[in-house]
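Visitor: One predicted model, sequence on top.
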Amino acid sequence: MSTWLDVTLTTEQDFSLGTGGARAYLTRTHPYVPGSVLRGALAAAWLASGGSTDETFRTLWDGGVRFGPCFPEGAFVEPQSAVRCKYHEASAGHREYVDEAFGPRPAGCAGGWERLKGATVSAVRPKMRPSSAQRPGTILVESGQLFAYETLPRGTLLRGRIVVPDGVDWAPLAELGRIFVGA
């Protein structure tokens, strides 16, 4: 039987986990910590604390241990089968969200339906942080060099799980305290 470890992360500062592919000048953030990021942060903490890339390291980080995502409290993931009325109005006469696993979409939606594709819905809203490039040797902003990125707020509490297969000693994971995640 597998061992399930509960993980709790509390951010000590605003943080950003870029989704890649900035649009125009804005880099969006994931609304959660992906399992691959948690895995990498724990591995980096292991190595920074003097751990080596011996058999224990390979067993924990390459041996079937599953690192799940950490979601902010109150967040959930929409099912892959969920759709949303694109331009829903209260007077439309049908529900805004429909899970097609339990029946077909209602007829008569003028705006069309869009798939939610497993989107994460969270009460934690990212805020936009502007940034700019400065002209070298001056206090002036370089023309055309204004950027922004999204961050999740300091103090965000995130929870997730790590699943450890039978026979794997997970004690080294419990010894890791502070980890660094995101930017």
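Guide: Received it, and whenever you're ready, just let me know what you need.
Visitor: Mind pulling the model confidence for the nearest residue to Glu12 once chain neighbours are set aside?
Guide: Nearest non-adjacent residue to Glu12, counting by CB to CB, 6 or more residues apart in numbering: Arg154, 6.6 Å away. For every residue, glycine as well, the C-beta is placed using N, CA and C. At Arg154, the predicted lDDT confidence score is 90.
Visitor: For burial, what's the neighbour tally of Arg154?
Guide: 11 (other CB atoms under 10 Å).
Visitor: can you offset everything so residue one is 283?
Guide: Shifting the count to begin at 283 puts that one at Arg436.
Visitor: right, and it touches Ser298 too?
Guide: No: look at Arg436 against Ser298 with CB atoms under 8 Å: they stay out of range, at 12.0 Å.
Visitor: Gly322 and Ala389, how far apart?
Guide: Per CB to CB, to the nearest Å, Gly322 is found 47 Å from Ala389.
Visitor: Counting neighbours, go ahead and name the busier of the two.
Guide: The residue with more neighbours, out of Gly322 and Ala389, is Gly322; 16 against 6, by other CB under 10 Å.
Visitor: three-state assignment of that one?
Guide: helix (DSSP: H, G, I helix; E, B strand; the rest coil).
Visitor: Quick check: the gap between it and Glu382.
Guide: From Gly322 over to Glu382 (counting by CB to CB), the distance is 35 Å.
Visitor: I'd guess Trp343 is in a helix, am I close?
Guide: Yes: checked against three-state DSSP, Trp343 lies within a helix.
Visitor: what about the residue nearest to it when sequence neighbours are not counted, neighbour count?
Guide: With sequence-adjacent residues excluded and distances taken as CB to CB, 6+ apart, Trp343 is closest to Ala325, at 5.1 Å. Using other CB under 10 Å, Ala325 has 19 other residues around it.
Visitor: just checking, Ala325 touches Asp344?
Guide: No: using CB under 8 Å, Ala325 makes no contact with Asp344, being 9.7 Å away.
Visitor: Quickly find the element holding Gln427.
Guide: Secondary structure assignment for Gln427, by DSSP states H and E: strand 423-433.
Visitor: which helices and strands does that strand pack with?
Guide: Under the contact definition 3 or more CB pairs under 8 Å, 6 or more residues apart in numbering; DSSP states H and E, strand 423-433 sits against strand 308-309, strand 409-416.
Visitor: How about Leu458, nearest residue that isn't a chain neighbour?
Guide: Using CB to CB, 6+ apart, the closest residue to Leu458 is Ala327 (4.7 Å).
Visitor: residues contacting the most centrally placed residue in the chain?
Guide: Note on the chain: the residue nearest the mean C-alpha position is Tyr314, at 2.4 Å, using CA atoms, centre = their mean. Applying CB atoms under 8 Å, 6 or more residues apart in numbering to Tyr314 gives the contacts Pro351, Cys352, Phe353, Pro354, Ala357, Thr402, Ser404, Leu440.
Visitor: No further questions, thank you.
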